[in-house]
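Enquirer: Next comes the sequence, and after it the predicted model I'd like to discuss.
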Amino acid sequence: MNVYATDIKNTREGLKFTVHGDVDGKIVQFECRTKLLGKHNVNNILAGVAIALKLGLSEEEIKRGIEKIEPVPHRLQILDTNNGVTVIDDAFNSNPEGSALAIEALSEMDGGKKLL
């Protein structure tokens, strides 16, 4: 079994990426979205995708499950302000590596001004 992701991008709504895989000779490819930010989260999601595919879940079932994943509060959590401003709450962050991941996520998002 081989499962991997391409086209991984942080957006204002969360991560989007394309899953590719070969499960027992069956080739799969589908786009996914999640509310999580940070490309590092894709590896954990892919582990779940591999198990789900092996168990026979459909691509649609897997996509729906991924869309339901909620971020842990204060860890790259997108907050809706209803005024056109996107706030990323990363208040829990306590190390340079985590800060770098937050900056990477913010830098990939479309939009004008970005404040850190």
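Expert: Ah, there it is.

Enquirer: For this structure, which residues score under the pLDDT cut-off?
Expert: Across the chain, the ranges flagged by pLDDT under 70 are 93.

Enquirer: tell me the contacts of L76?
Expert: 36-38, 88-90, 101-102, 105 (Cβ atoms under 8 Å, 6 or more residues apart in numbering). For glycine as for every other residue, the C-beta is placed from the backbone atoms N, C-alpha and C.

Enquirer: for these, which one is nearest N10?
Expert: Proximity of those to N10 (Cβ to Cβ) peaks at A105, which lies at 4.1 Å.

Enquirer: show me where this protein has helices.
Expert: For the chain, helices defined by DSSP state H occupy the ranges 41-54, 59-67, 96-108.

Enquirer: Pipe these into TSV and attach distance to K16 per row.
Expert: Formatted as TSV, these follow (distance: least, Cβ to Cβ, whole Å):
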stretch	distance to K16
helix 41-54	10
helix 59-67	10
helix 96-108	11
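
Enquirer: Which two among the contacts of L76 are spaced furthest apart?
Expert: Within the contacts of L76, D89 and L101 form the most distant pair, 14.1 Å apart (Cβ to Cβ).

Enquirer: Between these two, which is the more surrounded one?
Expert: L101 (20 against 14; other Cβ atoms under 10 Å).

Enquirer: I am finished for the moment; much appreciated.
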